[in-house]
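A.B. asks: next one to model:
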Amino acid sequence: MEPSIFDGLVQSLKEAKSISTGEAPASRRFEVLPPDVRAIRAQTGLSQGEFAGLMRVSVKTLQNWEQHRRNPTGPAAALLQIVSKSPSLALESLHA
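C.D. replies: Prediction:
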(Lines give C-alpha, C1' and ligand atoms only; values in the text may rest on other atoms or scores of the structure.)
Protein backbone atom coordinates (compact mmCIF):
# COMPACT_ATOMS: atom_id res chain seq x y z
CA MET A 1 0.00 0.00 0.00
CA GLU A 2 1.27 3.45 -0.86
CA PRO A 3 2.34 5.55 2.12
CA SER A 4 -0.02 8.41 1.19
CA ILE A 5 -3.04 6.07 1.16
CA PHE A 6 -2.01 4.53 4.49
CA ASP A 7 -1.53 7.98 6.04
CA GLY A 8 -4.99 9.01 4.86
CA LEU A 9 -6.54 5.92 6.42
CA VAL A 10 -4.76 6.53 9.72
CA GLN A 11 -5.96 10.15 9.71
CA SER A 12 -9.54 9.00 9.04
CA LEU A 13 -9.39 6.58 11.96
CA LYS A 14 -8.09 9.31 14.26
CA GLU A 15 -10.95 11.60 13.18
CA ALA A 16 -13.49 8.81 13.72
CA LYS A 17 -12.14 8.23 17.23
CA SER A 18 -12.33 11.96 18.02
CA ILE A 19 -15.93 12.09 16.84
CA SER A 20 -16.96 8.97 18.75
CA THR A 21 -15.44 10.26 22.01
CA GLY A 22 -17.05 13.66 21.58
CA GLU A 23 -13.79 15.55 21.10
CA ALA A 24 -14.78 16.68 17.60
CA PRO A 25 -18.15 17.30 15.95
CA ALA A 26 -19.32 15.12 13.09
CA SER A 27 -19.15 16.81 9.71
CA ARG A 28 -22.52 15.34 8.72
CA ARG A 29 -25.37 13.89 10.68
CA PHE A 30 -28.35 12.05 9.27
CA GLU A 31 -31.54 11.34 11.13
CA VAL A 32 -33.76 8.71 9.58
CA LEU A 33 -37.19 8.72 11.16
CA PRO A 34 -39.33 5.59 11.03
CA PRO A 35 -42.52 5.90 8.99
CA ASP A 36 -45.80 6.60 10.79
CA VAL A 37 -47.42 3.32 9.81
CA ARG A 38 -50.73 4.09 11.50
CA ALA A 39 -51.07 7.35 9.53
CA ILE A 40 -50.11 5.62 6.28
CA ARG A 41 -52.71 2.91 6.89
CA ALA A 42 -55.29 5.60 7.69
CA GLN A 43 -54.61 7.19 4.28
CA THR A 44 -55.70 3.95 2.65
CA GLY A 45 -58.86 3.53 4.72
CA LEU A 46 -58.03 -0.13 5.32
CA SER A 47 -58.36 -2.10 8.54
CA GLN A 48 -55.27 -3.55 10.20
CA GLY A 49 -56.08 -6.98 8.79
CA GLU A 50 -56.59 -5.68 5.27
CA PHE A 51 -53.46 -3.53 5.33
CA ALA A 52 -51.36 -6.35 6.81
CA GLY A 53 -52.55 -8.62 4.00
CA LEU A 54 -51.68 -5.98 1.44
CA MET A 55 -48.18 -5.61 2.94
CA ARG A 56 -47.81 -9.41 3.21
CA VAL A 57 -47.05 -9.23 6.94
CA SER A 58 -48.89 -10.56 9.97
CA VAL A 59 -51.35 -8.36 11.84
CA LYS A 60 -49.07 -8.65 14.88
CA THR A 61 -46.14 -7.24 12.87
CA LEU A 62 -48.30 -4.36 11.67
CA GLN A 63 -49.42 -3.67 15.25
CA ASN A 64 -45.79 -3.65 16.40
CA TRP A 65 -44.99 -1.08 13.70
CA GLU A 66 -47.99 1.07 14.57
CA GLN A 67 -47.14 1.01 18.29
CA HIS A 68 -43.45 1.74 17.59
CA ARG A 69 -42.25 -1.46 19.23
CA ARG A 70 -40.55 -2.35 15.94
CA ASN A 71 -39.74 -0.45 12.76
CA PRO A 72 -40.24 -1.67 9.21
CA THR A 73 -37.04 -2.20 7.25
CA GLY A 74 -35.98 -3.08 3.73
CA PRO A 75 -38.71 -3.73 1.19
CA ALA A 76 -41.50 -3.12 3.72
CA ALA A 77 -40.17 0.35 4.51
CA ALA A 78 -39.85 1.09 0.79
CA LEU A 79 -43.40 -0.09 0.10
CA LEU A 80 -44.71 2.04 2.98
CA GLN A 81 -42.96 5.04 1.45
CA ILE A 82 -44.70 4.37 -1.87
CA VAL A 83 -48.09 3.94 -0.17
CA SER A 84 -47.61 7.18 1.76
CA LYS A 85 -46.81 9.17 -1.41
CA SER A 86 -49.58 7.74 -3.59
CA PRO A 87 -52.07 5.56 -1.68
CA SER A 88 -54.53 5.14 -4.53
CA LEU A 89 -51.87 4.15 -7.07
CA ALA A 90 -50.23 1.76 -4.60
CA LEU A 91 -53.56 0.11 -3.74
CA GLU A 92 -54.49 -0.21 -7.41
CA SER A 93 -51.11 -1.77 -8.20
CA LEU A 94 -51.10 -4.15 -5.25
CA HIS A 95 -54.67 -5.36 -5.82
CA ALA A 96 -54.02 -6.16 -9.50
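A.B. asks: when you work out contacts or count neighbours from here on, use the C-alpha atoms and nothing else.
C.D. replies: OK.
A.B. asks: tell me how the chain divides into domains.
C.D. replies: Here the domain assignment for the chain is 1-29, 37-95, based on automatic domain parsing.
A.B. asks: could these go into TSV alongside mean pLDDT?
C.D. replies: Putting those into TSV (pLDDT from 0 to 100) gives the following:
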stretch	mean pLDDT
domain 1-29	88
domain 37-95	94
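A.B. asks: on the three-state scheme, residue 92 is what?
C.D. replies: Assigned with DSSP: H, G, I helix; E, B strand; the rest coil, residue 92 falls in the helix class.
A.B. asks: residues near it, how many?
C.D. replies: Residue 92 is flanked by 9 other residues according to other CA atoms under 10 Å.
A.B. asks: how far away is it from residue 52?
C.D. replies: 16 Å (CA to CA, to the nearest Å).
A.B. asks: ranking the domains of the chain by burial, who's on top?
C.D. replies: Most buried of these by mean neighbour count (mean count of other CA atoms under 10 Å) is domain 37-95; its value is a mean of 15.
A.B. asks: span of that domain from start to end?
C.D. replies: Termini of domain 37-95 sit 19 Å apart (CA to CA).
A.B. asks: one more: stretch 42-49?
C.D. replies: 13 Å.
A.B. asks: show residues contacting that stretch.
C.D. replies: 41, 59, 62, 63, 84, 87, 88, 91 (CA atoms under 8 Å, 6 or more residues apart in numbering).
A.B. asks: what residues does the last one make contact with?
C.D. replies: To tie it back to what came earlier, the one meant is residue 91. 44, 83.
A.B. asks: let's see it at 10 Å
C.D. replies: Residues in contact with residue 91 (CA atoms under 10 Å, 6 or more residues apart in numbering) are 44, 51, 54, 83.
A.B. asks: now it: how far from residue 45?
C.D. replies: 11 Å.
A.B. asks: for residue 11, give its distance to residue 5.
C.D. replies: On the measure of CA to CA, residue 11 and residue 5 end up 10 Å apart.
A.B. asks: residue 91 too?
C.D. replies: 51 Å.
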